[in-house]
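Participant: Coordinates for the following, if possible.
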Amino acid sequence: MQKTQPTQSLTRLVLIALISLIFLLSCSDMEQRCGSLSLVSDLAGAKSILPDSASIAINVIQVSGTGPLGVVLESQNFLLGGRIAIDGLTPGTWTIQITGYNGTVENLGTQLTRPASQTVTIASGRTTTASFSLQFLTEGNGSGSVQLSWPSTNSSITSVTGVLGDPTAPAATAHADAVSGSATLLFPSPVPVGSYPLDVALTNASGTTISLPMIETVNIYSNLVSSGSISLVQMDVPLAAKPVIGSERATEADPLTITITSTTTGASIRYLILSSEPTEPFDWAASTAYAGPFTVASSETRRYLIAAACKGGYQDSLAETFVVDAEDEGSGTIEIIQPPLISNVIISRTNSSALRPSFAATYSIQGNLSVDSFTWYIDGIAQPDGDGDEDGNTFTYDGTLSLGQHQVMVVFSYHDGPDSVRTASGTLRFAVDGVVATPTLTTQNFIGGKRVSLACATEDASIRYTLDGSAPNATSTLYSVPFPITETTQVKAIALREGAVDSPIFTSESLVVERVTTPTFVEDETSHTVQISCPEAETIYYTLDGSTPTAASAVYTTALSFAQTTPIKAIGMAMGKATSLLGSTTCTVSYSVGDTGPAGGLVFWVNPAAAVDGWTYLEAAPTETESYAWALADSLPVVVGDTHTEVGTGDANTLSITHDATEGAAHLCLDKEFGGYEDWFLPSRDELLAMTDLTEGVYWSSSEANSTAAYAVDFSDSPVSTIAVKTQAHKVRAVRTFL
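Facilitator: Down below sits the predicted model:
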């Protein structure tokens with residue numbers, strides 16, 4: 001026993017190896033026995049500041065693995081965003097390893113993620129779908145550079161500080177002086193690899209700050225410089241309102257009382273009193289905090305009161321200057337001015353539209369006069385009467401106003417009798433919420449064309465767009481998510497926001513989308529193989545069942561081999577290009593009666609009406625199945641009532657029988673698999689009579705005779721049709737049709 005035990009173990013190992021080898025060879029010879037793996041990514045592709053060399057965080061994934069019995073899947077590279085499918089895998093348990101890179105299929109570039117491993121089970125003849133998640137490399141260092149800009153008109157920002165990472169444990173801090181509304185934040189190496197929120201603080205000349213937490217995401221990769229730009233808008237860095245300076249005297253002998261206010265709630269006000277007109281920026285360090293009304297005593301020289309407002313979260317206001325005149329010594333001449341005959345001129349705004357604001361003027365008339373004309377001005381520029389009502393006291397502006405404060409003024413020209421022409425006027429300050437920023441456009445290639453993204457820097461703005469060359473307006477298509485284009489297109493877009501001026505219309509350049517050339521086919525009529533060619537395609541998808549292929553269809557990798565006539569349809573796909581037109585052909589394989597069919601059985605019938613019926617040959621299964629009753633349900637015979645006896649009806653008969661029965665000869669055929677084919681059925685009576693290779697005995701057909709019996713054929717001598725009770729056990733031989 002001690003000598004024979006090793007021999008038995010060795011024999012068992014050799015047997016296992018032979019079985020495994022046979023299984024692997026069958027997997028390579030008969031593709032239908034192998035399985036496929038389809039990988040689905042749950043990567044979000046978050047918007048972030050990335051390396052210059054990467055258009056998205058991860059471009060390519062590399063897939064490898066180890067399967068049952070030590071089968072190895074060599075490394076394969078796939079573009080992220082396309083179909084990731086691997087065919088021809090041995091059924092069983094596989095360990096799949098996936099790694100992300102930022103390069104191309106041919107040149108992987110820099111590894112960005114840790115390898116991710118997971119176990120999947122591949123089923124025979126099936127496609128297994130598995131999802132995967134990747135994590136960025138946690139080792140290594142990189143650097144970053146972020147260009148920050150903001151509206152520079154009257155900007156008071158002097159410096160910018162940026163922090164990457166959790167404020168309690170920052171990964172990197174950068175500080176830069178502001179120049180003309182911009183600053184560059186440099187985060188030099190070493191910054192550990194990772195994804196960081198960027199917090200920004202802008203510092204004003206007054207010392208107040210504007211905090212912008214988590215304004216963007218910065219991805220740092222090993223040995224790469226992540227760069228990008230951030231354009232802030234007026235709402236990100238608002239300007240504190242300019243102070244309003246008021247003055248009054250109780251009597252002529254009393255000093256001047258000064259009040260300073262700001263419409264920016266919670267703003268601090270500081271002021272300076274200078275002896276000469278200011279020419280330098282407001283000196284915050286030398287200024288005095290305004291605490292309430294104060295007096296200014298008379299002086300023999302003119303003085304200048306300058307005030308500015310500041311508040312955290314705002315840019316410092318513009319400075320306001322108030323002139324305190326010198327004490328009047330009483331010298332000079334006296335001019336008697338004729339009192340106005342038009343007075344109490346008041347301008348009111350009659351709508352809230354930022355696009356076409358309208359105004360009306362009211363006034364009081366004294367004496368007997370005639371109004372000759374009304375002239376309206378916007379910011380000092382005379383305007384035509386936008387209403388055309390000819391009375392001149394209403395006005396609608398028909399231009400485009402910029403963001404901020406504006407002034408409207410009306411001037412009356414009038415005369416009283418023979419007097420010369422005189423004028424009266426009124427003014428009103430009003431605000432325009434803003435002009436919506438012009439939309440911007442970016443594109444990203446995907447399998448089948450380009451994906452278009454639209455954006456607008458104005459918060460809460462909606463974007464409307466057209467693709468037919470027409471000018472967009474408020475009724476055009478509303479942009480919500482990136483949309484695909486599969487042909488050369490020009491995009492026009494406009495951004496809208498209630499209470500603000502519509503943006504200028506953005507017109508893109510021609511976005512060129514070329515179409516992949518149509519696949520072609522080369523057939524070897526001797527070996528019955530077909531090669532599919534499409535040089536422009538990154539992936540060719542095909543079908544063999546007559547259906548139109550899609551990105552979920554089988555992927556062409558090598559020449560296709562056929563044992564029977566098969567229709568082939570194919571399309572080509574590539575990143576950034578439209579899917580090709582459909583290419584199709586038919587690989588024709590001919591048989592004669594007596595030939596061995598595709599499944600290894602005998603061809604016993606050639607259909608003369610193949611063009612009408614959709615099948616050409618009948619093939620018998622290579623072997624018989626066990627004997628069984630015709631059709632039973634709960635051990636009782638089944639009555640079908642809808643079968644036929646002619647050649648070409650066996651397939652339909654079998655489906656009718658198995659719809660009502662739970663066991664029997666038809667079920668045996670339907671459940672069989674021979675030579676990689678599973679489309680077997682129980683032959684009709686006439687199909688059974690045409691068979692020539694059956695052994696002696698009685699065989700069931702799928703043709704029903706009556707409620708208790710069905711047709712059978714006795715091959716004991718020459719084939720004879722007979723009727724047998726359905727519960728009797730007889731031989732069964734499956735058949736199939738093919739082109």
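Participant: Check the contact between Ala240 and Cys310; I expect there is one.
Facilitator: Yes. When contacts are counted by CB atoms under 8 Å, Ala240 is listed as touching Cys310 (6.1 Å). Using the backbone N, CA and C atoms, a C-beta is placed for each residue, glycine as well.
Participant: any common contacting residues for the two?
Facilitator: Ala267, Asp316, Ser317 (CB atoms under 8 Å, 6 or more residues apart in numbering).
Participant: Present these as a markdown table; the columns should include pLDDT, distance to Phe715 and secondary structure.
Facilitator: A markdown table is the format used below for these (pLDDT from 0 to 100; distance: CB to CB, whole Å; DSSP: H, G, I helix; E, B strand; the rest coil):
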| residue | pLDDT | distance to Phe715 | secondary structure |
| --- | --- | --- | --- |
| Ala267 | 90 | 106 | coil |
| Asp316 | 91 | 106 | coil |
| Ser317 | 89 | 107 | coil |
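Participant: Can you list the low-confidence ranges for the stretch 551-700 of the chain?
Facilitator: Residue ranges of the stretch 551-700 of the chain with pLDDT under 70: none are present.
Participant: where do the helices sit along it?
Facilitator: 610-613, 650-660, 665-670, 685-689 (DSSP state H, counting those that start in this stretch).
Participant: For Val603, give me its contacts.
Facilitator: Per CB under 8 Å, 6+ apart, neighbours of Val603: Tyr591, Ser592, Val593, Gly594, Asp595, Thr596, Gly597, Tyr617, Leu618, Glu619.
Participant: Farthest pair within those?
Facilitator: Farthest apart among these by CB to CB are Thr596 and Leu618. That separation is 13.5 Å.
Participant: okay, the two: which has more neighbours?
Facilitator: It is Leu618, of Thr596 and Leu618, that has more neighbours when counted by other CB atoms under 10 Å, with 25 against 14.
Participant: could you measure the closest residue to that one other than its chain neighbours against Ile463, distance?
Facilitator: Closest residue in space to Leu618, ignoring its immediate chain neighbours: Trp605 at 3.8 Å, by CB to CB, 6 or more residues apart in numbering. Per CB to CB, to the nearest Å, Trp605 is found 66 Å from Ile463.
Participant: now do Asp613
Facilitator: For Asp613, the distance to Ile463 - CB to CB - is 57 Å.
Participant: between these two, who's got more neighbours?
Facilitator: Ile463 (24 against 12).
Participant: Including neighbour count and distance to Ile220, could the shared contacts of Ala240 and Cys310 go into CSV?
Facilitator: Compiled in CSV, those are given as follows (neighbours: other CB atoms under 10 Å; distance: CB to CB, whole Å):
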residue, neighbour count, distance to Ile220
Ala267, 20, 38
Asp316, 26, 34
Ser317, 25, 38
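Participant: ok, residues contacting the helix or strand where Ile260 lies?
Facilitator: Using DSSP states H and E, Ile260 sits in strand 256-261. Identification of contacts with strand 256-261 by CB under 8 Å, 6+ apart yields 243-250, 269, 271, 290, 293-296, 298, 305, 307, 322, 324.
Participant: Separate out the buried members of these.
Facilitator: Pro243, Ile245, Ile269, Tyr271, Tyr290, Leu305, Ala307, Phe322, Val324 (16 or more other CB atoms under 10 Å).
Participant: what sits against the residue nearest to the second one when sequence neighbours are not counted?
Facilitator: Spatial nearest neighbour of Ile245, chain neighbours left out: Phe322 (4.1 Å); criterion: CB to CB, 6+ apart. Counting by CB under 8 Å, 6+ apart, Phe322 touches Ile245, Ser247, Ile258, Tyr304, Leu305, Ile306, Ala307.
Participant: Point out the least confident one among those residues.
Facilitator: Of all those, Ser247 carries the smallest pLDDT score, 85.
Participant: Give me the domain ranges for this protein.
Facilitator: 28-132, 141-231, 244-324, 346-432, 440-507, 520-587, 603-738 (automatic domain parsing).
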